[in-house]
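Peer 1: Here is a sequence with its predicted model. Questions after.
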Amino acid sequence: MPNTSTSQMLRDNAPYHSRLISNIAELDYAPLALKHQTSYVDDLHARLKQSGARLTRLSETTKKERKEHESLRDSIARRLAHKLTGRKEQFYAMATKEEREYVDALEKEFTERDTHNVLITMVDEAQREKADLAEKVIRYDALNKQLSDLYKRVFDGPTEEYPEDDRLERQVQKTQALHDKIQNTLNAECRACEILAHADRTLNACEAQVKEALAHSQRGTHMLS
């Protein structure tokens, strides 16, 4: 006959056990998600630092190209000199070249600046999610400890009436390993989708800014005619 005290403890703790299992199941994803998120945040910080360095270099290049472009565009003396010496077309070719170099530099800076701003937003969002996951992992660990304590109270000592215990425990471990592998793959795919969405928004914003810069530059070139 089964040990009456063990059976009674199982019945008495069944509701509590069910609540623990349900709450743990809701947070099963948290430990692996936090590990993945931590790596993701570290990667974003590295990318943000690299982007900042590129942006500084590109900004300096844009300033230089803008100065040269505006200097030539606004140089009435040089324009008149070329007209008087019959080299008007040469002046226009030079002005077009300076404009193209300026616009190219501006486009690269706009692209990097948008990338940099997107990365700042992504880092903020990723850090908030990491903090939220960290809290969930603390809760998850506490629940698992409560479950472990419950099992110890009920099953510590000889339980010959339940010979399936060891076999079921091994099966649970195998199932947990498979679950962790699937959850890790899912987390990685979700992150990839987020990165692609951010990249799409960056390209759209960059295109709009480059068009605006081109329009402004072309207005300045028309003034040369």
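Peer 2: That came in fine, so what should we check first?
Peer 1: CA atoms for contacts and neighbours, from now on please.
Peer 2: Will do.
Peer 1: Could you count how many residues lie near Glu26?
Peer 2: 11 (other Cα atoms under 10 Å).
Peer 1: Which helix in the chain has the most residues?
Peer 2: Looking across the chain with DSSP state H, the single longest helix is helix 88-155.
Peer 1: Mind picking out the helix or strand in this structure with the poorest mean pLDDT?
Peer 2: Here the helix or strand of the chain ranked lowest by mean pLDDT, DSSP states H and E is helix 76-84, holding a mean of 50.
Peer 1: can you give me the mean pLDDT across stretch 24-40?
Peer 2: Stretch 24-40 carries an average pLDDT of 92.
Peer 1: Send me that stretch as PDB with only the CA atoms.
Peer 2: Extracted in PDB, the C-alpha atoms of stretch 24-40 (Å, rounded to 0.1, in the frame of the first residue of the first chain):
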ATOM      1  CA  ILE A  24       7.000  28.500 -14.200                       C
ATOM      2  CA  ALA A  25       5.600  27.600 -17.600                       C
ATOM      3  CA  GLU A  26       4.800  31.200 -18.300                       C
ATOM      4  CA  LEU A  27       8.400  32.200 -17.600                       C
ATOM      5  CA  ASP A  28      10.200  29.200 -19.100                       C
ATOM      6  CA  TYR A  29      11.500  31.300 -22.000                       C
ATOM      7  CA  ALA A  30      13.100  34.000 -19.700                       C
ATOM      8  CA  PRO A  31      16.600  32.500 -18.800                       C
ATOM      9  CA  LEU A  32      17.600  31.700 -22.400                       C
ATOM     10  CA  ALA A  33      16.000  35.000 -23.600                       C
ATOM     11  CA  LEU A  34      18.000  36.900 -21.000                       C
ATOM     12  CA  LYS A  35      21.300  35.200 -22.100                       C
ATOM     13  CA  HIS A  36      20.500  36.000 -25.700                       C
ATOM     14  CA  GLN A  37      19.500  39.600 -24.900                       C
ATOM     15  CA  THR A  38      22.700  40.300 -22.900                       C
ATOM     16  CA  SER A  39      24.700  39.200 -25.900                       C
ATOM     17  CA  TYR A  40      22.500  41.300 -28.200                       C
END
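Peer 1: and that stretch, which residues are buried?
Peer 2: Using 16 or more other Cα atoms under 10 Å as the test for burial, stretch 24-40 gives 24, 27-34, 36-38, 40.
Peer 1: okay, those residues in CSV with secondary structure and distance to Tyr151 next?
Peer 2: Output for the buried residues of stretch 24-40, formatted as CSV (DSSP: H, G, I helix; E, B strand; the rest coil; distance: Cα to Cα, whole Å):
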residue, secondary structure, distance to Tyr151
Ile24, helix, 15
Leu27, coil, 20
Asp28, coil, 19
Tyr29, coil, 22
Ala30, helix, 23
Pro31, helix, 22
Leu32, helix, 24
Ala33, helix, 27
Leu34, helix, 27
His36, helix, 30
Gln37, helix, 32
Thr38, helix, 32
Tyr40, helix, 36
